[in-house]
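> Let me see the structure of the following:
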Amino acid sequence: MYDFNPDSGRLFAKRADGLTFDLDLRKPLTIIQGDSATGKTLLCNLIEEDNVSQDEPAVQVLNYKDRGRRNRLDIIYDTTVKLFIIDNADVLLIDNTELLDYINRIDHLNQFLVFSRCIKFRRTPNYFGTLEMDGSNVIRIKYVTNVAGWF
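I've put the predicted structure just below:
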């Protein structure tokens, strides 16, 4: 189960065993980097499983399986007020500069949570973070920095 509030940018997801994601996203783009097995793809799988039962899901997941499927990626251009999670962005966006440029824009209504190891985004370090689990089985974003006015 998950819940996304587009006004606050908060994404909450919970797995049956109690593992919880409580993420405060920065608008319009949050870039998560980090090692394997930190929960990035796990979050995507949780949301994809929940989306099966929803007519109009608030969150769309794109990943390496969508590489080369232009019609699947076009959903980003044709949709507003949604959160797009892009898993393995270094694979999905490496040869799609048009989409990468679109995501880097500030003036669109969509929000993006991007999991990437090496894609270059034109953003200050305020937009970059890692996923970290606290002692209570909750995964949160630890941002690289939080400099006021540096957005």
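> center of this structure, which residue is that?
Note on the chain: the residue nearest the mean C-alpha position is Leu113, at 1.9 Å, using C-alpha atoms, centre = their mean.
> What segments of this protein are helices?
Using DSSP state H, the helices found in the chain span residues 40-51, 70-73, 89-92, 97-104.
> Name the stretch from those helices that approaches Arg15 most closely.
helix 40-51 (6.0 Å; C-beta to C-beta). Placement of C-beta: from N, CA and C, glycine included.
> mind listing what's buried in the closest one?
Lys40, Thr41, Leu42, Leu43, Cys44, Leu46, Ile47, Glu48, Asn51 (16 or more other C-beta atoms under 10 Å).
> Which strands and helices lie in contact with it?
strand 2-5, strand 10-14, strand 59-62, strand 83-86, strand 111-115 (3 or more C-beta pairs under 8 Å, 6 or more residues apart in numbering; DSSP states H and E).
> Send me the first one as CSV with only the CA atoms.
Presented in CSV, the C-alpha positions along strand 2-5 are these (Å, rounded to 0.1, in the frame of the first residue of the first chain):
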residue,chain,number,x,y,z
TYR,A,2,1.2,3.5,-0.8
ASP,A,3,0.0,7.1,-0.6
PHE,A,4,1.4,10.1,-2.4
ASN,A,5,0.5,13.7,-1.5
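> thinking again about what came up before, list the contacts of the closest residue to the residue nearest to the centre of the chain other than its chain neighbours.
Nearest in space to Leu113, with sequence neighbours left out and distances taken as C-beta to C-beta, 6 or more residues apart in numbering, is Ile85 at 4.6 Å. Under the criterion of C-beta atoms under 8 Å, 6 or more residues apart in numbering, the neighbours of Ile85 are Leu43, Cys44, Ile47, Val59, Gln60, Val61, Leu62, Phe112, Leu113, Val114, Phe115.
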